[in-house]
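S.K.: need a structure here:
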Amino acid sequence: MRREGAPEDNLAMEDFLCDFCHRPWDDERPMVEGHQGACICGACLTVAYTELVLLGVSSTLNEGETCRMCLEERPGEVWRSPAHDDATICKRCIKQAAGVLHKDPDFAWTKPRIDNVEA
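M.R.: Reported below is the predicted structural model:
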């Protein structure tokens, strides 16, 4: 998402916000972009991946609701932001975003592993 009032013809890093926590993109916060400017930051992706992919904690989409990243109304498991209830991401997009960020040489982000999760 974009910061309200951001100049469309001169966008800066800090004008892009994570759809799930609303924190701005910066040199220390990696972001993965989805469709129509949707973004998820590395911190939210870590939580989403851990909860949905590793632990199986999931939610479902409400009628008419779509995944923020792919804009599809996907049946099945989604992760819902604890900070913004209207922000959901499907399992497929979580896995895709994790693969992209894991391979990005500019950030030291790695896919969470079950042996790193506290019980």
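S.K.: Centroid-nearest residue for the chain?
M.R.: Among the residues of the chain, residue 40 comes closest to the average C-alpha position under Cα atoms, centre = their mean, at 2.9 Å.
S.K.: Can you name every helix or strand that the particular helix or strand that has that residue in it contacts?
M.R.: Remark: residue 40 resides in strand 39-41, with elements defined by DSSP states H and E. With contacts defined as 3 or more Cβ pairs under 8 Å, 6 or more residues apart in numbering; DSSP states H and E, the packing partners of strand 39-41 are strand 31-33. Where you see a C-beta, it was placed from the backbone N, CA and C, and this is true even at glycine.
S.K.: If you count neighbours, what's buried in the strand it packs on?
M.R.: Of the residues in strand 31-33, those scored as buried under the neighbour-count criterion (16 or more other Cβ atoms under 10 Å) are 31, 32.
S.K.: now do stretch 24-41
M.R.: Neighbour counts over stretch 24-41 (16+ other Cβ under 10 Å) mark 24, 25, 29, 30, 31, 32, 34, 38, 39, 40, 41 as buried.
S.K.: Can you show me the CA trace of it as CSV?
M.R.: Once non-C-alpha atoms are left out, stretch 24-41 reads as follows in CSV (Å, rounded to 0.1, in the frame of the first residue of the first chain):
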residue,chain,number,x,y,z
PRO,A,24,7.2,2.0,5.8
TRP,A,25,9.8,0.4,3.6
ASP,A,26,13.3,1.3,4.5
ASP,A,27,16.9,-0.1,4.0
GLU,A,28,16.4,-2.4,7.0
ARG,A,29,12.9,-3.6,6.2
PRO,A,30,12.7,-5.9,3.2
MET,A,31,9.4,-5.8,1.3
VAL,A,32,7.8,-8.1,-1.3
GLU,A,33,5.3,-6.5,-3.7
GLY,A,34,2.1,-8.2,-4.8
HIS,A,35,-0.5,-7.0,-7.3
GLN,A,36,-1.6,-3.3,-7.5
GLY,A,37,1.1,-2.1,-5.0
ALA,A,38,0.2,-4.5,-2.1
CYS,A,39,3.3,-5.1,0.0
ILE,A,40,4.3,-7.4,2.9
CYS,A,41,7.4,-6.7,5.0
